[in-house]
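A.B. asks: below are the sequence and a predicted model for it; my questions follow.
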Amino acid sequence: MTTSSDTGLAIDARELRRNFGDLVAVDGVSLEIGRGQVFGLVGPDGAGKSTLIRMLTTVLAPTSGDALIFGKSVVTEPHDVKPRIGYMSQQFSLYGDLTVQENLDFFAELRGVTRADIKSRSERLLEFSGLTEFRKRQAQFLSGGMKQKLALAATLISEPDMLFLDEPTTGVDPVSRREFWRIISDLHRQGITVFVATPYMDEADRCDEIAFMTQGKIILRDTPSGMKRRVPGRVIEVVVSDYHEAMTVARALPFVNSVDASGDRLRILVDNETADCEECLRKAFAEAGFDVSQMHPSSTDLEMAFATLIPSAAPAGGFETTADEPVLGVAE
Amino acid sequence: MRRILAIARKDFLHIIRDKRMLGVILIMPLVQLFLYAYALSFDIKHLPTAVLDLDRTTYSRQYVDALQQSNYFDVNKRLVRFDDVDTAFLSNEAKVCVVVGRGFGHDVASGRAGAVQLLVDGSDANSAQLGQAYAGALSRIYGGRILVNQFEAKGFNVASAAGLTSSIRTWYNPEGRSAYYFVPGLIVVLVTMVTTIQTANTLVKEKENGTYEQLIVSPIRRIELMLGKIMPWALIGALDIIIIATIGLVVFRIPFRGSALLLALSSLLYVLCTLGLGLIVSARASSVDTANQLAALISFLPTFMLSGFVFPISNLPVFLQFVSYLYPARYFMSIVRIIFLKGGSFGVLWPNIAALAIFATVIIVAAAALYRERA
């Protein structure tokens, strides 16, 4: 179905707002997203990411404002929005007592997929997600990663034009996470628009564009590399004995803007004005009694972008990195 | 239609995969049936009875023997003084005390009315009521027999004497067996409870499991969701009715005098009402626990109290009689009793059936309207 509005935006949100009693969960978000993008929504817990997604997917009614999904209002035309979108909520949302195949069949029937299509699509999706041999297993007995892949498969069986994923890989092992993103890349190539909320920086890095959300507002939007370029200063990577204690030392220096630990190395963001940062760091560590075995310049990463660009975001604890995989900025 | 069937099939799978649930819907009604049918028996026989015979004549002994022989009274205590009555009631040795006054034999012999005092333990309302009624009846019969004896002794032909006689016969349940009205009544009570409580759970469970949001984002209409949720439970309700009715017929030997088709039709309508009520609870309740309690409250109490199951509706306070019209159990109760015990054609039953049809429609539309399309 191609209507004139089909050539426009995938998402056109205007001043979306949602209150829960006195709490303002989403505080006037306006957002335009083009078709075919993988758009990442990043922010600390409680920033309002899930509430925003639930409004965009017609699950939750906005307190005020509206959003058009492929030109259709989530407030007044939800029945025109629903057939075109797929939504994977943060909570596992399949029926644990039904088998893999029964879950797929149910969601396909619910969304009006023809019987012939159900058969061919579910075979393909099961193959795609590596679940073929588990098709007769009850969903509650799948591993975390398999559950998420099944949830994605159930969302995809109606072949939606737009996918909303709310922290789809939280609690999933690194291998499954990588596989999951491989699937998303494939979908992206097929032209599906993907809107994904994630707490993981490496996942945000894979998006075409990302938005920082905090306290119910979107405060910044850019490409991942654009975000990194916005970070004022440069990064020095240091391998030091007892990096945990050394962090405190580095933080005390006036030219240091932020310090992150990545594996056993410190990533220290220093300002551009101070020329001899390396020397000062060496001196400070030596005086405090720490051995510096390596020190070299590095590039900024999204982690830093969040720490420095979001004013109120707490650098420690607010965001999660994966211990199992290097943060992408490091590897470059 | 496909979406309705998809929901129905899925919910049916939930039911048959949950062994505990199967127990609740198939075994529990049986346990309750036997429990209620035996424990709630209103057949009163062998009421423990104490006798204070102050007269001690042939006539007074004849009267007490008549009581004893009726099988309704067990005269197991002879009292000497009037104060003993209190002791007999307090120690629960007697529910009924019969005091035959001094001069009873003399009065009867001389053609005057003999005075008998009947004391009933009012703390046990059922026994009290029945004891009173039985003893009253026996006294009248005994009194009548004495009269006849006296008239015959004086040479009257009693058969030719014109007088008022009333003969009471109980139709449909001549032996007054309580299973006759309890088992059909229990069908109503048990089916109400199973269907209301279980459907009250279904939507709330989806909310707690997070699957509700998936239903919301799918293009299903509210009424489709409601109908899909109702279907498997309507089947199970029907199964429960068949099981209880069969046991009633086979074990409790209750009669079935009406049309099975009419019973099926009215059962279907009634189950739609109770399922709709369950869905209303489910659409609004915040948790499974709340849903369970609310459903138990709206299903158990009104069906027990306001349907005529235990208390005849005409004995209820006027206000509650009006309330009973607002609850579908009353109509189904009267349909079920008529079909089992009296027979009764559509011509007799249609006002009740029509009432159920109206309730079913209103309740299901209300359930669909109350169910929120958004979280």
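C.D. replies: Ah, there it is.
A.B. asks: which one is residue B:196 nearest to, not counting chain neighbours?
C.D. replies: Residue nearest to residue B:196 in three dimensions, not counting chain neighbours: residue B:299, with 3.8 Å by Cβ to Cβ, 6 or more residues apart in numbering or on different chains. C-beta: built from backbone N, CA, C; applies to glycine.
A.B. asks: name the helices or strands packed onto the helix or strand harbouring the one you found?
C.D. replies: Residue B:299 is part of helix B:288-305 when elements are defined by DSSP states H and E. Packing partners of helix B:288-305 (3 or more Cβ pairs under 8 Å, 6 or more residues apart in numbering or on different chains; DSSP states H and E): helix B:178-209, helix B:260-284.
A.B. asks: and the next helix or strand after it, how far out from the chain's middle?
C.D. replies: Using DSSP H and E, the helix or strand that follows helix B:288-305 in sequence is helix B:318-325. Averaged C-alpha coordinates place helix B:318-325 at 17 Å from its chain's average position (Cα atoms, centre = their mean, to the nearest Å).
A.B. asks: and the angle from helix B:318-325 to helix B:288-305?
C.D. replies: 110 degrees (axes from the mean of the first three to the mean of the last three Cα atoms, to 10 degrees).
A.B. asks: got the CA positions of helix B:318-325 in PDB?
C.D. replies: What follows is helix B:318-325, C-alpha atoms only, in PDB (Å, rounded to 0.1, in the frame of the first residue of the first chain):
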ATOM      1  CA  VAL B 318     -37.800  -6.100  49.600                       C
ATOM      2  CA  PHE B 319     -34.600  -4.100  48.800                       C
ATOM      3  CA  LEU B 320     -32.600  -7.300  48.200                       C
ATOM      4  CA  GLN B 321     -35.500  -8.700  46.100                       C
ATOM      5  CA  PHE B 322     -35.000  -5.800  43.700                       C
ATOM      6  CA  VAL B 323     -31.300  -6.300  43.700                       C
ATOM      7  CA  SER B 324     -31.800 -10.000  42.800                       C
ATOM      8  CA  TYR B 325     -33.400  -8.900  39.600                       C
END
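A.B. asks: can you give me the buried ones in that helix?
C.D. replies: residue B:324 (16 or more other Cβ atoms under 10 Å in any protein chain shown).
A.B. asks: for that helix, packing partners?
C.D. replies: Contact here means 3+ Cβ pairs under 8 Å, 6+ apart; on that basis helix B:318-325 packs against no helix or strand.
A.B. asks: hang on, isn't residue B:279 packed against residue B:365?
C.D. replies: No. The pair residue B:279 and residue B:365 fails to qualify as a contact (Cβ atoms under 8 Å) at a distance of 11.0 Å.
A.B. asks: tell me the contacts of the closest residue to chain B within the stretch 201-332 of chain A?
C.D. replies: Proximity to chain B, evaluated over the stretch 201-332 of chain A using Cβ to the nearest Cβ, is greatest for residue A:216 at 18.1 Å. Counting by Cβ atoms under 8 Å, 6 or more residues apart in numbering or on different chains, residue A:216 touches A:24-29, A:47-48.
A.B. asks: turn those residues into TSV, columns for neighbour count and secondary structure.
C.D. replies: What follows is those, written out as TSV (neighbours: other Cβ atoms under 10 Å in any protein chain shown; DSSP: H, G, I helix; E, B strand; the rest coil):
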residue	neighbour count	secondary structure
A:24	17	strand
A:25	22	strand
A:26	29	strand
A:27	16	strand
A:28	16	strand
A:29	25	strand
A:47	27	coil
A:48	25	coil
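A.B. asks: give the residue farthest from the middle of chain A.
C.D. replies: residue A:287 (41.0 Å; Cα atoms, centre = their mean).
A.B. asks: and the contacts of the one helix or strand that one maps to?
C.D. replies: According to DSSP H and E, residue A:287 maps onto helix A:277-288. With contact meaning Cβ under 8 Å, 6+ apart, helix A:277-288 is reached by A:236, A:238, A:240, A:245-246, A:249-250, A:252-253, A:255, A:268, A:270, A:274, A:291-292, A:295.
A.B. asks: next to chain B, which bits of the stretch 51-200 of chain A? Give me the list.
C.D. replies: Taking Cβ under 8 Å from any Cβ of the partner chain as the criterion, the stretch 51-200 of chain A approaches chain B at residues A:54, A:57-61, A:78-79, A:82-83, A:85-87, A:89, A:91-98, A:102, A:106-107, A:109-112, A:138, A:154.
A.B. asks: buried set for the helix holding residue A:287?
C.D. replies: Across helix A:277-288, burial judged by 16+ other Cβ under 10 Å covers A:277-278, A:280-281, A:284-285.
A.B. asks: show me what secondary structure element comes after that helix.
C.D. replies: Next in line after helix A:277-288, if elements are assigned by DSSP H and E, sits strand A:292-298.
A.B. asks: what about that following strand, distance to the chain center?
C.D. replies: 30 Å.
A.B. asks: neighbours around the residue nearest to residue B:196, how many?
C.D. replies: Counted with other Cβ atoms under 10 Å in any protein chain shown, residues neighbouring residue B:299 total 24.
A.B. asks: return the distance of stretch B:72-87 from the chain's centre.
C.D. replies: 33 Å.
A.B. asks: tell me the buried residues in it?
C.D. replies: Within stretch B:72-87, judged by 16+ other Cβ under 10 Å, the buried ones are B:72-75, B:77, B:79, B:84-85.
A.B. asks: and for stretch A:102-119?
C.D. replies: A:102-111, A:113, A:118.
A.B. asks: quick one: which of these sit in helices?
C.D. replies: Within the buried residues of stretch A:102-119, residues falling in helices by DSSP state H are A:102-110, A:118.
A.B. asks: identify, from the residues you listed, the entry nearest to chain B.
C.D. replies: Nearest member of those to chain B, counting by Cβ to the nearest Cβ, is residue A:109, at 3.6 Å.
A.B. asks: does the closest residue in space to the closest one that isn't next to it in sequence count as helix, strand or coil?
C.D. replies: Closest residue in space to residue A:109, ignoring its immediate chain neighbours: residue B:6 at 3.6 Å, by Cβ to Cβ, 6+ apart. Secondary structure, DSSP: H, G, I helix; E, B strand; the rest coil: residue B:6 is helix.
A.B. asks: now do residue B:6 against residue B:185, distance only.
C.D. replies: 37 Å (Cβ to Cβ, to the nearest Å).
A.B. asks: by contact count, what packs against the helix or strand where residue A:14 lies?
C.D. replies: Assessed by DSSP H and E, residue A:14 sits inside strand A:11-20. If contacts are counted by 3+ Cβ pairs under 8 Å, 6+ apart, strand A:11-20 sits against strand A:23-33, helix A:49-56, strand A:64-69.
A.B. asks: quick one: name whatever helix or strand follows the first one.
C.D. replies: Where DSSP H and E defines the elements, the next helix or strand beyond strand A:23-33 is strand A:38-42.
A.B. asks: neighbouring contacts of that following strand?
C.D. replies: A:11, A:33, A:49, A:52-53, A:184, A:188, A:193-199, A:201, A:203-204, A:206-213, A:302, A:306.
A.B. asks: return that strand as CSV; C-alpha atoms alone will do.
C.D. replies: In CSV, the C-alpha atoms belonging to strand A:38-42 read as follows (Å, rounded to 0.1, in the frame of the first residue of the first chain):
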residue,chain,number,x,y,z
VAL,A,38,18.4,2.6,12.4
PHE,A,39,17.7,5.2,15.1
GLY,A,40,19.1,4.7,18.6
LEU,A,41,17.6,6.2,21.7
VAL,A,42,20.1,6.4,24.6
